[in-house]
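following is a predicted model, sequence given first.
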Amino acid sequence: MDLYTISFYMFAVLLLGSAIVVVFSRNIVRAAFALMITLLSIAAFYVLMMADFVGIVQLLLYVGGILVLILFGVMLTNRQISVDIREGAIQTIPAVIVTSTIGGILAGAIWSTAWPMREAARSVAATAPVIGEMFLTTYLLPFEVASVLLLVALVGAALIARRERKS
Amino acid sequence: MVPLSHYLFLSAVLFMTGAVGVLTRRNAIIVFMSIELMLNSVNLTLVAFSSFLGNVTGQMLVFFVMTVAAAEAAVGLAIIIAIYRRKQTVNLDEINLLKW
């Protein structure tokens, strides 16, 4: 057991434990903070796999951006009125069936495929220059489309969430 | 040495956790967070393949998934807040205006 393996299993336990808290917690604020731990351990996995730029973007975008947005959503919608809403386990059996089907298909695919047994990248070569070059050459059109998509989504979000003006 | 399949199993379990959340919870925000979990598990798979194959293209896909996730977060939360302002609830069972 080298340090890599130990940290892999440590972060795996952290990831799955906090994900379970996110899904099954009764307290929404606690779920949001557990989501922060989940996203941080995902970033740790990116760093373990030497994907440094993706790890940093995960920190900035998910932990710094999307999580704050979600916390805003929690704070804006979680008044006393909606605390005691029915959180039923009404769909447990269909959920178990669907999820175990998904899990069975995924596990079967992972087991039955002969994955290339190469070592994970261990070198500390920076990935950011390669990614930047690919964004501006091979993937230029998807890059521009994604930026337009973000612009449209943000303008639309501002329009939807705005309080309607009395005219 | 952690083999590729361990990463794949980890993200499969994370995806299943998110799917359980989407299917069982009735609070719109929790459903939203569960969708983020599922998106993150797919990203983890992509980065694992990228790292084990020595090819950066997988990490490019991660950026596009993150872009769509950010757009989805902005629009989704705006819709949730607009619904809450109108109906004073985020319980998905009570948001049934389009249900026949």
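Nice, thanks for sending it over. Residues are numbered from 1 along each chain as shown, chains lettered A, B, ... in the order given.

now the spatially most central residue of chain A. Nearest residue, chain neighbours left out?
Ranked by distance to the mean C-alpha position of chain A (Cα atoms, centre = their mean), the top residue is residue A:39 at 5.9 Å. Distances taken as Cβ to Cβ, 6 or more residues apart in numbering or on different chains put residue A:62 closest to residue A:39, at 4.5 Å, once the chain neighbours are dropped. C-beta coordinates here come from the backbone N, C-alpha and C atoms, glycine included.

just give me the neighbour total for the one you found.
For residue A:62, the neighbour count with other Cβ atoms under 10 Å in any protein chain shown is 27.

just the mean pLDDT for stretch A:125-133, thanks.
Along stretch A:125-133, the predicted local confidence has a mean pLDDT of 86.

hmm, stretch B:46-60 touching chain A?
Yes - using Cβ under 8 Å from any Cβ of the partner chain, stretch B:46-60 reaches chain A at B:47, B:48, B:50, B:51, B:52, B:53, B:54, B:56, B:57, B:59, B:60.

quick one: which two of those are the most distant?
Pairwise distances across the residues of stretch B:46-60 next to chain A peak at 16.1 Å for B:52 and B:60 (criterion: Cβ to Cβ).

any idea which helix or strand carries the residue nearest to the centre of chain A?
With elements delineated by DSSP states H and E, residue A:39 resides in helix A:28-48, which encompasses its position.

you'd agree residue A:130 is up against residue B:54?
No - with contact taken as Cβ atoms under 8 Å, residue A:130 and residue B:54 are classed as non-touching, separated by 11.2 Å.

compare these two (neighbour count), which wins?
Between residue A:130 and residue B:54, residue A:130 has the larger neighbour count (other Cβ under 10 Å), namely 15 against 12.

who's in contact with the more buried one?
Contact analysis of residue A:130 by Cβ atoms under 8 Å, 6 or more residues apart in numbering or on different chains lists residue B:56.

list the buried residues for the helix or strand hosting it?
Counting by DSSP H and E, the secondary-structure element that holds residue A:130 is helix A:128-136. By neighbour count, with 16 or more other Cβ atoms under 10 Å in any protein chain shown as the criterion, the buried positions of helix A:128-136 are A:131, A:134, A:135.

overlap between the residues you listed and the residues near chain B?
Counting by Cβ under 8 Å from any Cβ, the subset of the buried residues of helix A:128-136 that neighbours chain B consists of A:131, A:134, A:135.

isn't the last one up against residue A:143?
Yes - with contact defined as Cβ under 8 Å, residue A:135 counts as touching residue A:143 (5.0 Å).

show me which residues of the helix holding residue A:39 are buried.
Those would be A:28, A:31-48, for helix A:28-48 by 16+ other Cβ under 10 Å.

quick check, pLDDT for the residue lying closest to residue A:92 once chain neighbours are set aside.
With Cβ to Cβ, 6+ apart as the criterion, residue A:92 has its nearest non-adjacent residue at 6.2 Å, and that residue is residue B:24. Looking at residue B:24, its pLDDT stands at 87.

with residue B:1 instead?
For residue B:1, the model assigns a pLDDT of 71.

repeat for residue A:27
Per-residue pLDDT puts residue A:27 at 84.

the lowest-mean-pLDDT helix or strand in chain A: what's the following helix or strand?
For chain A, the helix or strand with the lowest mean confidence is helix A:67-77, at a mean of 87 (criterion: mean pLDDT, DSSP states H and E). Remark: after helix A:67-77, the chain's next helix or strand is helix A:92-112, criterion DSSP H and E.
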